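In: sequence? don't have it. structure:
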Ligand SMILES: Cc1ncc(COP(=O)(O)O)c(C=O)c1O
């Protein structure tokens, strides 16, 4: 066996989700999966592709039309990648794996935020890299003093950034954007920028890939699972320049050959004619976010208002329970499931993740129960 796997566990998010199935009548706020139907344009594109027998391998990097459409989509956001810089992947997940496998040599140090999406740390470890965590400010913004210290101390080459963030909902703001560009230039850092929640940004969107000076140092990761509510279709992409792109191509080719052909035709239709669906989902998420924030305020749970994605990451520190204990008790006593913050790394302890990929009605039922629970443990 690969010895790197020995201290790697299955995702804590899934573990907790699985517990929910054993509790009759439990309401789950655990999943990071939009609850909307797939846009009809995407379904139409896929049905047509099946009828036309497009069930064979595509080009390794994906169908040309989709690569061009992604390039256009990104350009509209101020991010300049040509279609030749774009590789269609099996979700953001494969994009992350192929990118990190391209970069990491045994023992290479990779800066990973904490709290963060658990795959980052685990992929780095599977590949024999060394995880070096960087901690965030109390409001989940970047702590540049800490970042610079860690970069200098550990002689860091690679950093993972994740905006909008799962689990905190933080986005990159203008000040951080400029400061990060300076940091990248000064330290010749290489960035893996996971932006799969880009389409759910409730304030102005900044991506480091907007800056032409540093774009060569960036691997941009995008995805359609969340954007189009098609998590099972498994499509995402990598955008990168020059040699980086060529090297990623080797890993991607020997790993998956190509992404799912039918899904690619579906997403092509979605990008061409179905972007209004994304806008509709975003508006609904915003409505739910406002609702969830109001309920959290009412019951006096501390939280930082998320600016993107569809999660809120409230603090439970004042209740003197670990995040695991808090979530277990909430599940077994009031039948509501949230994910313990500890599933998102060291700095996740003291928090819980609430997903608002659920209808207002479900959220209302869940929060009535959460309120009862908080009144009990206060
Ligand atoms: C931050 C982040 N990146 C990447 C992924 C992978 O998503 P997918 O492989 O479905 O595109 C997820 C899924 O939850 C995520 O939250």
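Out: That came in fine, so what should we check first? Since the structure is predicted, the reported quantities are computational estimates derived from the model, not experimental observations.
In: Looking at the stretch 51-200 of the chain, what residue ends up closest to the ligand?
Out: Here the residue of the stretch 51-200 of the chain nearest the ligand is residue 91; by Cβ to the nearest ligand atom that distance is 2.7 Å. C-beta here means a position set from N, CA and C on the backbone, and glycine is covered the same way.
In: OK, contacts around that residue?
Out: By Cβ atoms under 8 Å, 6 or more residues apart in numbering, residue 91 lies in contact with 223, 225, 234-236.
In: so how far is the lengthiest helix in the chain off the chain centroid?
Out: When the chain is parsed with DSSP state H, its longest helix is helix 275-298. Relative to the mean C-alpha coordinate of its chain, helix 275-298 is positioned 18 Å out (Cα atoms, centre = their mean, to the nearest Å).
In: Please pull up the helix or strand immediately following it.
Out: As assigned by DSSP states H and E, the chain's next helix or strand after helix 275-298 is strand 311-312.
In: Pull up the pairing partners for that next one, direction included.
Out: Applying DSSP bridges, strand 311-312 is found paired with strand 352-355 (antiparallel).
In: how about the strand it pairs with: buried residues?
Out: Residues 352-355 are the ones in strand 352-355 that count as buried (16 or more other Cβ atoms under 10 Å).
In: hmm, who's touching the very next helix or strand once past it?
Out: Toward the C-terminus, strand 352-355 is succeeded by helix 360-377 as the next helix or strand (DSSP H and E). With Cβ under 8 Å, 6+ apart as the contact definition, helix 360-377 has outside contacts at 27, 29, 287-288, 291-292, 295, 298-301, 319, 321, 329-330, 333-336, 356, 358.
In: at 7 Å instead, please
Out: 27, 29, 288, 291-292, 295, 299, 301, 319, 330, 333-336, 356 (Cβ atoms under 7 Å, 6 or more residues apart in numbering).
In: Burial check on whichever residue of the stretch 251-378 of the chain sits closest to the ligand, number of neighbours?
Out: The stretch 251-378 of the chain approaches the ligand most closely through residue 309 (7.7 Å), counting by Cβ to the nearest ligand atom. Counted with other Cβ atoms under 10 Å, the neighbours of residue 309 add up to 30.
In: Correct me if wrong: it contacts residue 163.
Out: No. The pair residue 309 / residue 163 is not scored as a contact, 9.1 Å apart, by Cβ atoms under 7 Å.
In: residues contacting the nearest residue to residue 346 once chain neighbours are set aside?
Out: Residue nearest to residue 346 in three dimensions, not counting chain neighbours: residue 114, with 5.0 Å by Cβ to Cβ, 6 or more residues apart in numbering. Contact analysis of residue 114 by Cβ under 7 Å, 6+ apart lists 133, 135, 345-348.
In: In ChimeraX, how would I select the buried members of those residues?
Out: Here is the ChimeraX selection string for the buried members of the contacts of residue 114, based on 16+ other Cβ under 10 Å:
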select :133,345,347,348
